[in-house]
Every structure is written in C-alpha cells, then in structure tokens.
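Participant: I would like to see how this sequence folds:
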Amino acid sequence: MQNLKSIFVLYTGGTIGMSQSEQGLRPDTALAGKALVPFADRFRFDWHLCDPLIDSSAVTLDDWQGWLQLAAEKIPHYDGVLVLHGTDTLAYAANLFALALQDLDKPVVLTGSQWPYDAENSDAPLNLATAVAAFELDLRETVIAFNGKLFPAVGSSKISTESAAGFGNPHFGVLAEWSPEQNWHNVRIRPSEKTAQALQVRPLSAQAKVVCTTLIPGFAAQAFADGLSSSGADAVVLQSYGHGNAPADAGFIEAVRQFTAKGGLVLNISQVQQGNAAAVYAQGSALRQAGVVNGGKANLETAAVLLTLAVSGGWQAERLQQELVGLRLVEEG
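Facilitator: Numbers count the residues shown, from 1 in each chain. Presented below is the predicted three-dimensional model:
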C-alpha cells in the first residue's frame, strides 16, 4: 500500500470557497468537501476550518496569532501545511509564516483564487493543483502557489484583481512553474540545508501598532510630521520615492528624528514595484541621519510583517537591520 503524504490544511476563508448570497459573495464551508478530492490518491488531507471563515480584508493580528500557534502545533506531525486564504491579504499572511516560523524544514504553501471554486472558468482548480504539487518538491520555506507558479513569500505582492495572474515577486521572481502537461519545469528552488534546530515561532503581539505612510508631492510630508507624535504607532512603514528619497523638509525630518529617538522604528521602502531603498542619493541622507532604517528590496507586505514582529519582539533598529541583511533585502556593510 502506498504511503500517502500527510498535509495539514488551514482554511481561513476567501474567494476560493465563497458562494453567492443576497448580499454578495460570502465564505462557505462546502469547499472542504470537494476541493482536494482529486488529489486523494497521493495525499491525505486533514482540514481545519477557521470559525468564522473570513474575507481576508477583515484579518486581524488576533487571527495571525491563532494561525501561528496552530501551525506550530501541527507542523511536526505533517509533511507540510496548505493554507487556503483570500487573495487581498494573502501576501501578508505568506510573509507572516515565512518570517515568524524559524528553522522551518517543511513546505508551507498558500493559495487562493480570483474566482470561486464553482465559478465558470475559475482559476481555483489550477491554483489548488499547483499548491498540492508543491509538496512533491524539496521545499523548506513558505511559498505562494498561483496561476501555475511558485513564488517565495518574501517580496511577493498581489498585482492584479482582474486576471488569473494575481501575484508576482519583482525582485526574487518565480521558484518554479507547473502545468498538467509539463508537471514541474523551470525549477529554480534555492537550496536549503536541513536544519537540526527545532521549529521556533517568533512572538506576535496583537497590540503591535504598525502604520504605513505613502509620500506624495504636496501636503503628505507635513501631514505625516504633524500626526506622527500623536499617532500612538510603535513603528512606521514609510513608502518613499525611488531609492528611498523624501523631502528634506525640516519639520518632517525633525518629527522622524523625535519618533526614532523615543524607540520608534521607521522602515523606509520604495514605492517602486522593483525598487530598492538604499543610500544612493544625497536627498535620502537626512532620513538616514534621523534614524530611519532603509528596507532595501523590501516590499510593503514584507515590511509590514517584519515591523509587526519587530515591535512584538522589542527589536531595536540594529536588529531590524540584521534581519534585512539575512533576508537578502539589503547588502551587508
């Protein structure tokens, strides 16, 4: 008798399992009875249905806490974890698992769909098939399976609401591609040694206060400066221009300096999809001198999760910088 790989399925909600109601599409538990039946000859699936199932735009840090705790309990007993998630915040959740689960030695695969499983021409069957096939690869990391592609969690974003190609990773690209006809091809999985360390889960506090500000020409810098001291935030993702440039406005820079002097973290990332917030232009030097940490190739989803974990763990700016280097988001030195 064939030994089936055992996969733990965390179903959080999302479009993939939604059904039509008088108010519009809503999460539905019926997906659990049919979505993975086509793969039962190769895998054994144990489902956990979140109660309630949610639209991923409603996710909270309490949800994240619960999912991490559940993953930590289940990972030692399974060959991998499959997370079915709404696409709106799927990239955030993928970064959560990637950054919070340390010394992971099994695959954690996230997928969802742009259209419900039962919809005509839905992308859900292909996404599910891609996700399940990922457990046949030698993965020891968190990935997103979507539209026949595997993306590393770190650096991934939702890039479309209109097409089946819903996700992308501008800096780190695609790890592998899958189709029913070719199976896996163009495989570029990064080698990772088996770890002898036990799985560690970084703490996440539901009280972590992380906000995001995007600079635009005009009033935005002044509004950010005026509100920073009274916002109650522990950390800020600052989406600046180009290579991490921002107005050299005295009030703006002083507000940032006062915030970081009190222990607040400011992570500076580029608004550009394939941007790199780095010490390239003199225009960005005032921000760096004010205590801002340049996020290099970090995108919004990665930066937001990293700061949430930083606040939860009581990190200082130096520790945040070290994490960015370890993730290959900034160069050492």
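
Participant: ok, which stretches of the stretch 101-250 of the chain are helices?
Facilitator: Using DSSP state H, counting those that start in this stretch, the helices of the stretch 101-250 of the chain run over residues 124-133, 220-228, 250-261.

Participant: Output those helices in TSV; the columns should cover mean pLDDT, distance to residue 306 and mean neighbour count.
Facilitator: Every C-beta, even on glycine, is put in place using the N, C-alpha and C of the backbone. TSV is the format used below for these (pLDDT from 0 to 100; distance: least, C-beta to C-beta, whole Å; neighbours: other C-beta atoms under 10 Å):
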stretch	mean pLDDT	distance to residue 306	mean neighbour count
helix 124-133	98	25	22
helix 220-228	93	20	17
helix 250-261	95	16	17
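
Participant: Using TSV, please lay out these together with distance to residue 16.
Facilitator: Putting the helices of the stretch 101-250 of the chain into TSV (distance: least, C-beta to C-beta, whole Å) gives the following:
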stretch	distance to residue 16
helix 124-133	5
helix 220-228	36
helix 250-261	40
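
Participant: and of these, who's closest to residue 159?
Facilitator: helix 124-133 (15.0 Å; C-beta to C-beta).

Participant: I'd like to know which elements that closest one is packed against.
Facilitator: Under the contact criterion of 3 or more C-beta pairs under 8 Å, 6 or more residues apart in numbering; DSSP states H and E, helix 124-133 touches strand 108-111, strand 142-146, strand 176-179.

Participant: how about these in CSV, adding distance to residue 260, mean pLDDT and mean neighbour count?
Facilitator: As requested, the helices and strands packed on helix 124-133 are arranged in CSV below (distance: least, C-beta to C-beta, whole Å; pLDDT from 0 to 100; neighbours: other C-beta atoms under 10 Å):
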stretch, distance to residue 260, mean pLDDT, mean neighbour count
strand 108-111, 33, 98, 28
strand 142-146, 30, 98, 28
strand 176-179, 40, 98, 19
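
Participant: can you redo those as TSV with distance to residue 239?
Facilitator: Formatted as TSV, the helices and strands packed on helix 124-133 follow (distance: least, C-beta to C-beta, whole Å):
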stretch	distance to residue 239
strand 108-111	24
strand 142-146	22
strand 176-179	30
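
Participant: So for residue 52, which of the ones you listed sits nearest?
Facilitator: strand 108-111 (19.4 Å).
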